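what follows is a predicted protein model with its sequence.
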Amino acid sequence: MISRVEWIQRVVGLKGGQFRQTGMTGGNIIFGTILGVLSGKYIFEEPLQHYWAEKHAEEAAAAANNAGLPSSASSGISNGTTTPATTNNSGKS
């Protein structure tokens, strides 16, 4: 019979043995990847669809609001009036 200390060493991987070795490491990685992708799809599919539906609705509303305005109004200048240009007095003589 194996002692507790040797068992813990084998579980942690400090001591050799057959405890942590498996036959097909590459297959396990591929299986784990496929399982993770599929479970992630089923877990996060509905919240992601809800998120993107909200985003597309916001973009459509913003596009509808900006569609009727002239291009100068969307850049911050309203009613076709312009503001006088200011000079930069940053210490140049």
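Structure's in. What do you need?

what count of nearby residues applies to residue 58?
Using other C-beta atoms under 10 Å, residue 58 has 10 other residues around it. C-beta coordinates here come from the backbone N, C-alpha and C atoms, glycine included.

and for the one 4 residues further on?
Counted with other C-beta under 10 Å, the neighbours of residue 62 add up to 10.

same question, residue 48
11.

which stretch of helix or strand covers it?
Using DSSP states H and E, residue 48 maps to helix 25-67.

against which helices or strands is that helix packed?
For helix 25-67, there is no helix or strand it packs on, judged by 3 or more C-beta pairs under 8 Å, 6 or more residues apart in numbering; DSSP states H and E.

average pLDDT across that helix?
On average, the pLDDT along helix 25-67 is 90.

do you know the pLDDT at residue 8?
As predicted, residue 8 sits at a pLDDT of 82.

and the gap between it and residue 39?
Distance, residue 8 to residue 39, using C-beta to C-beta, to the nearest Å: 31 Å.

for residue 32, same thing?
Separation of residue 32 from residue 39 (C-beta to C-beta): 10 Å.

same question for residue 30.
15 Å.
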